[in-house]
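**Q** Mind looking at a prediction? Sequence and model below.
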Protein chains: 2
Amino acid sequence: MPQFMDIHHGMKDITTDQLREAYQDNVAIEGEEGVHFERAWADPESGTVYCLSEAPSAEAVKRIHERTGHPADEIHPVPLTV
Amino acid sequence: MPQFMDIHHGMKDITTDQLREAYQDNVAIEGEEGVHFERAWADPESGTVYCLSEAPSAEAVKRIHERTGHPADEIHPVPLTV
């Protein structure tokens, strides 16, 4: 299944608890869109969150994020991996 | 050790071989700066490469990328992970 990297800006001062909570919100409903969130990383200083997922489409990733109130600013397919 | 996500723009049409080669260039000398590259992902369409590493500092990641001729456009610490 295709992989996607999505990016959220404006998350300055995000805490581990907030990151975990947002991630779990997404994981709780990911199956409804055939998405699987693999990992997420956050930089509280620049306010950036990176989310790696497997999904049938970028639209599916977008919908999960929107439904949980954590819309992604960018969603990039990442077909190449090493 | 701190984790970093670095981003390279302008890599439109990058191939799997080119991604692997660039990654291996970095891995070949990473130990000289105490860096360990964990994974990399690429989106040939937008020309974006994401690189996840463990390193003593962003400067160390920057130096490895510069020495191998693959300078990073952004290097973000990502102290939070889920």
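**A** Arrived safely, thanks for sending. Numbers count the residues shown, from 1 in each chain, chains lettered A, B, ... in the order given.

**Q** Just the pLDDT for the residue nearest to residue A:3 when sequence neighbours are not counted.
**A** Residue nearest to residue A:3 in three dimensions, not counting chain neighbours: residue A:78, with 5.0 Å by C-beta to C-beta, 6 or more residues apart in numbering or on different chains. Where you see a C-beta, it was placed from the backbone N, CA and C, and this is true even at glycine. With respect to pLDDT, residue A:78 scores 97.

**Q** For residue A:78, give me its contacts.
**A** Residues in contact with residue A:78 (C-beta atoms under 8 Å, 6 or more residues apart in numbering or on different chains) are A:3-5, A:52, B:41-43, B:50.

**Q** Swap in 7 Å and give it another go.
**A** The contact partners of residue A:78, by C-beta atoms under 7 Å, 6 or more residues apart in numbering or on different chains, come to A:3-5, B:41-43, B:50.

**Q** What is the nearest of those residues to residue A:74?
**A** Residue A:74 lies nearest to residue A:5 out of the contacts of residue A:78, by C-beta to C-beta, at 8.3 Å.

**Q** Direction included, what does the helix or strand where that closest one lies pair against?
**A** Using DSSP states H and E, residue A:5 sits within strand A:3-8. Strand pairing for strand A:3-8, using DSSP bridges, gives strand A:48-54 (antiparallel), strand A:74-77 (antiparallel).

**Q** Of those, which stretch is the most buried?
**A** When neighbours are counted by mean count of other C-beta atoms under 10 Å in any protein chain shown, the highest per-stretch mean among the strands paired with strand A:3-8 falls to strand A:48-54, a mean of 22.

**Q** List of residues touching it?
**A** In contact with strand A:48-54 (C-beta under 7 Å, 6+ apart) are residues A:1, A:3-9, A:11, A:14, A:19, A:35-42, A:61, B:5, B:76, B:78.

**Q** I appreciate the help and will end here.
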